[in-house]
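Undergrad: Sharing a sequence plus its predicted fold:
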Amino acid sequence: MKTKAPAPRVPSQTRRILTLSACLWVLRLLTAAGLAVDAYVHADLAATYDSVTKTISQGDLFRIEAGAAALAALLVVLLGTRPLVWVYALLVAAVGVAAVLLYRYVDVGSVGPLPNMYEPGWYPEKTASAVAEAAAMVTAAAGLFLAHRLRTNSREDRAVPALIGTRSE
């Protein structure tokens with residue numbers, strides 16, 4: 001009776017890098033989805049807020065947020081192994097959450113060229129955007145941590161650099 005030879009074992013460092021890479025892909029997709037919702041909602045609502053103006057209109061600010069969120073989503077998907085990309089995504093999401101909460105609960109008034117954007121109510125699009133931004137903020141923070149850890153592990157061991165988009169030096 002023949003017995004099969006055991007399958008070759010994958011070194012633990014390589015297995016760890018592959019696991020981190022898989023987790024990072026999940027975070028990339030979740031973060032990009034949250035940022036895409038943020039971008040869509042802000043782009044969709046921008047025209048509604050064009051009348052709220054001082055030097056710059058709230059509609060213009062919504063378009064800027066939509067563009068920044070769309071760019072962050074694209075960068076996370078394409079270049080999500082780079083910690084700087086995660087920092088950008090985290091900042092975009094965090095600023096979005098901070099702005100929606102600030103202008104929901106505090107009547108800041110006009111500040112410099114910014115109009116008074118106080119809006120004390122919640123409606124479905126605003127809620128969807130806030131939830132998506134908060135989720136993207138959390139997943140971007142986790143992605144930043146994992147991307148940094150993955151780069152550190154791959155540089156220490158020089159194992160499987162092609163899998164994570166780094167070059168051997």
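TA: Happy to help now that I have it. Numbers count the residues shown, from 1 in each chain.
Undergrad: pLDDT of the host helix or strand of Val77, averaged?
TA: Using DSSP states H and E, Val77 sits in helix 58-79. For helix 58-79, mean pLDDT is 97.
Undergrad: If you count contacts, what does that helix end up packed against?
TA: Contact here means 3 or more CB pairs under 8 Å, 6 or more residues apart in numbering; DSSP states H and E; on that basis helix 58-79 packs against helix 12-45, helix 83-105. Where you see a C-beta, it was placed from the backbone N, CA and C, and this is true even at glycine.
Undergrad: which one of those helices has the lowest average pLDDT?
TA: Among those, helix 12-45 carries the lowest mean pLDDT (a mean of 92).
Undergrad: what sits against the most centrally placed residue in the chain?
TA: Computing the C-alpha centroid of the chain and ranking residues by CA atoms, centre = their mean puts Ala89 first, at 3.8 Å. Under the criterion of CB atoms under 8 Å, 6 or more residues apart in numbering, the neighbours of Ala89 are Thr31, Leu35, Ala72, Ala73, Leu75, Val76, Ala136, Ala140, Gly143.
Undergrad: before we move on, the earlier item: output the helices and strands packed on helix 58-79 as a markdown table; include the columns distance to Val111.
TA: Shown next, in a markdown table, are those (distance: least, CB to CB, whole Å):
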| stretch | distance to Val111 |
| --- | --- |
| helix 12-45 | 19 |
| helix 83-105 | 11 |
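Undergrad: need the contact list for Leu45.
TA: Phe62, Glu125.
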